[in-house]
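A.B. asks: I would like the atomic coordinates for the input below:
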Amino acid sequence: MAMHPTGEFYAVPSVISSKAPSPHRRRLSCIPPATCRLSPPILSTDQGQTSWLDSNHTFSFNRYHDPRYMGFRDLRVINEDFVAPAKGFGAHSHENMEILSYVVKGALAHNDSSGGSGVLRPNELQRMTADTGVSHSEFNPSKTDPTHFLQIWILPEKDGLAPEYEQRSFPDRRHGRLRLLASREGGDGSLTIHQDVKVFDALLEGGDEIPYELSEHRHAWIQVIVGDVVVNGIPLQASDGAAVSEESSLSLRATKNAEILLFDLP
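C.D. replies: As a prediction, the model looks like this:
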């Protein structure tokens with residue numbers, strides 16, 4: 001079981017899969033900076049690239065392991081995957097985890113041992129509860145176009161939950177505002193997730209600025225998928241992220257067109 005980080009907040013590396021060191025290493029930041037316990041963050045290069053898969057690993061995953069970077073609060077994994085046409089992940093198992101899949105571009109086909117199956121596309125979200133053990137496969141169904149997606153793991157509020165599969169489309173506009181995708185209560189048409197977490201996405205045009213209020217004792221993680229964003233004065237680029245603590249409000253300002261995820265965490 002993954003370590004559950006609590007207490008201090010810290011910067012961690014976003015790991016770039018490449019056959020040679022990347023000229024631009026992604027980074028993660030702390031807001032406010034004084035809450036970081038590691039400065040500067042250590043940046044490293046993942047060695048797990050294959051001929052059909054390229055990944056950015058925000059936290060320790062697979063052969064990339066650093067005990068200092070095991071997640072943030074209940075957020076355990078953010079993997080940004082680029083999958084070649086007609087390729088994918090064969091059947092493999094998970095347990096005691098809430099797994100979200102978010103497609104940025106292309107499509108992702110899914111089959112699992114709980115009976116869940118479907119094809120996921122942009123403006124949709126998929127949640128799989130794998131607490132008592134689920135095996136599943138994921139692949140790019142296109143013969144010509146690559147798939148760009150994020151896989152997100154969140155620790156459930158308790159172990160031993162029955163396997164579940166849920167997928168939902170979000171046709172409402174998300175331009176210039178935060179759109180709720182997943183929550184514990186499943187409110188506002190969001191997916192239900194078995195943890196006290198809210199997950200939002202947003203599309204921002206250059207110059208757009210949106211606020212977000214954090215309740216007392218809550219924390220946030222900002223993941224930039226596309227574009228450039230300034231969060232409370234901290235600049236972030238595509239694949240960067242920021243851990244937020246000891247803040248009551250956030251300002252998210254795009255300096256060019258951007259797509260982001262925001263996690264409101266206990």
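A.B. asks: helix, strand or coil for G90?
C.D. replies: The three-state label given to G90 by DSSP: H, G, I helix; E, B strand; the rest coil is strand.
A.B. asks: quick one: contacts for it?
C.D. replies: Contacts for G90 were tallied using C-beta atoms under 8 Å, 6 or more residues apart in numbering; they are S137. C-beta coordinates here come from the backbone N, C-alpha and C atoms, glycine included.
A.B. asks: go again with 10 Å.
C.D. replies: Counting by C-beta atoms under 10 Å, 6 or more residues apart in numbering, G90 touches 135-139.
A.B. asks: and D112, by the same measure?
C.D. replies: 91, 93-94, 99, 118, 128, 130, 134-138, 163, 165.
A.B. asks: tell me the contacts of the closest residue to D145 other than its chain neighbours?
C.D. replies: Once flanking residues are discounted, D145 sits nearest to G106: 5.3 Å by C-beta to C-beta, 6 or more residues apart in numbering. By C-beta under 10 Å, 6+ apart, the residues touching G106 are 82-83, 85, 120-122, 140-142, 145-149.
A.B. asks: rewinding a little: most neighbours of all the contacts of D112, which one?
C.D. replies: Counting neighbours by other C-beta atoms under 10 Å, A130 leads those with 24 neighbours.
A.B. asks: would you confirm that that residue contacts P163?
C.D. replies: Yes - contact status for A130 versus P163: in contact at 6.4 Å, counting by C-beta atoms under 10 Å.
A.B. asks: now for those two: what residues contact both?
C.D. replies: Common neighbours of A130 and P163, using C-beta under 10 Å, 6+ apart, are 94-95, 112-114, 136.
A.B. asks: which SSE is immediately downstream of the helix or strand encompassing V199?
C.D. replies: V199 is part of strand 198-204 when elements are defined by DSSP states H and E. Following strand 198-204 in sequence order, the next helix or strand is strand 209-213 (DSSP H and E).
A.B. asks: what comes up buried for that following strand?
C.D. replies: Going by neighbour count (16 or more other C-beta atoms under 10 Å), the buried part of strand 209-213 is 210, 212.
A.B. asks: strands paired with that strand, and their directions?
C.D. replies: Strand 209-213 sits in its sheet next to strand 249-254 (antiparallel), going by DSSP bridges.
A.B. asks: what's the angle between the partner strand and strand 198-204?
C.D. replies: Interaxial angle of strand 249-254 relative to strand 198-204 (axes from the mean of the first three to the mean of the last three C-alpha atoms, to 10 degrees): 40 degrees.
A.B. asks: now strand 249-254 - C-alpha only, CSV.
C.D. replies: The C-alpha coordinates for strand 249-254 follow below in CSV (Å, rounded to 0.1, in the frame of the first residue of the first chain):
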residue,chain,number,x,y,z
SER,A,249,-8.4,31.4,-1.8
LEU,A,250,-6.8,30.7,-5.1
SER,A,251,-6.4,32.8,-8.3
LEU,A,252,-5.9,30.8,-11.5
ARG,A,253,-4.9,33.0,-14.4
ALA,A,254,-4.1,31.7,-17.9
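A.B. asks: what residues of it count as buried?
C.D. replies: Buried-residue list, strand 249-254, by 16+ other C-beta under 10 Å: 250, 252-254.
A.B. asks: again with stretch 75-88
C.D. replies: 75-85, 88.
A.B. asks: out of those residues, who's nearest F59?
C.D. replies: Closest approach to F59 among those (C-beta to C-beta): V77, at 5.8 Å.
A.B. asks: now the closest one: which helix or strand?
C.D. replies: Per DSSP H and E, V77 falls inside strand 75-83.
A.B. asks: could you give the separation of that strand from the chain centroid?
C.D. replies: The chain centroid and the centroid of strand 75-83 are separated by 6 Å under C-alpha atoms, centre = their mean, to the nearest Å.
A.B. asks: cool, stretch 253-264 as well?
C.D. replies: With C-alpha atoms, centre = their mean, you get 13 Å for stretch 253-264.
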